[in-house]
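Engineer: Make a model of this:
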Amino acid sequence: METSDISKTELTEIVKDAVIAVLTERKDLLEDAFSEAILDMKLGLAMEKADKGEYVSEDIIFSKLSE
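Structural biologist: Next up is the predicted model:
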């Protein structure tokens, strides 16, 4: 296997080209990532809205889950 030295600029261009190619050819990956991020954000906002400062013990939660 042959190795060659490349400059930081060349490496940057190679990585940019690779990322652009993946995002162009696989738009579904970007769509999925944004969709997941939005869902995570909505879940976080819902949790903040619902947080009343009243906490339930772990035992009670697990007992409800096992019913």
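Engineer: And Lys8, what's its pLDDT?
Structural biologist: Per-residue pLDDT puts Lys8 at 93.
Engineer: For the remainder of this discussion, apply numbering that starts at 668.
Structural biologist: All set: I'll call the first residue 668, so the last point we hit is now Lys675.
Engineer: Pull the number of nearby residues for it.
Structural biologist: Close neighbours of Lys675, defined as other C-beta atoms under 10 Å, add up to 7. Yep, even glycine has a C-beta here, placed from its N, CA and C like the rest.
Engineer: And for Lys709?
Structural biologist: Lys709, neighbours per other C-beta under 10 Å, totals 10.
Engineer: buried sites along whichever strand or helix holds it?
Structural biologist: In the assignment (DSSP states H and E), Lys709 maps to helix 694-717. By neighbour count on 16 or more other C-beta atoms under 10 Å, the buried set for helix 694-717 is empty.
Engineer: name the helices or strands packed onto that helix?
Structural biologist: helix 675-692 (3 or more C-beta pairs under 8 Å, 6 or more residues apart in numbering; DSSP states H and E).
Engineer: Could you tell me the per-residue confidence at Met668?
Structural biologist: 61.
Engineer: about what we covered before: just the CA atoms of the helix holding Lys709, as CSV, please.
Structural biologist: C-alpha atoms of helix 694-717 as CSV (Å, rounded to 0.1, in the frame of the first residue of the first chain):
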residue,chain,number,x,y,z
LYS,A,694,-30.9,13.0,1.4
ASP,A,695,-32.8,10.6,3.6
LEU,A,696,-30.0,10.6,6.1
LEU,A,697,-30.2,14.3,6.6
GLU,A,698,-34.0,14.3,6.7
ASP,A,699,-33.9,11.5,9.3
ALA,A,700,-31.3,13.4,11.4
PHE,A,701,-33.4,16.6,11.4
SER,A,702,-36.6,14.7,12.1
GLU,A,703,-35.0,13.0,15.1
ALA,A,704,-33.6,16.3,16.3
ILE,A,705,-37.0,18.0,16.1
LEU,A,706,-38.7,15.1,17.9
ASP,A,707,-36.0,15.2,20.7
MET,A,708,-36.5,19.0,21.0
LYS,A,709,-40.3,18.6,21.2
LEU,A,710,-39.9,15.8,23.9
GLY,A,711,-37.6,18.1,25.9
LEU,A,712,-40.1,21.0,25.7
ALA,A,713,-43.0,18.7,26.7
MET,A,714,-41.0,17.5,29.7
GLU,A,715,-40.1,21.0,30.8
LYS,A,716,-43.8,22.1,30.4
ALA,A,717,-44.9,19.1,32.5
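Engineer: Good, wrapping up.
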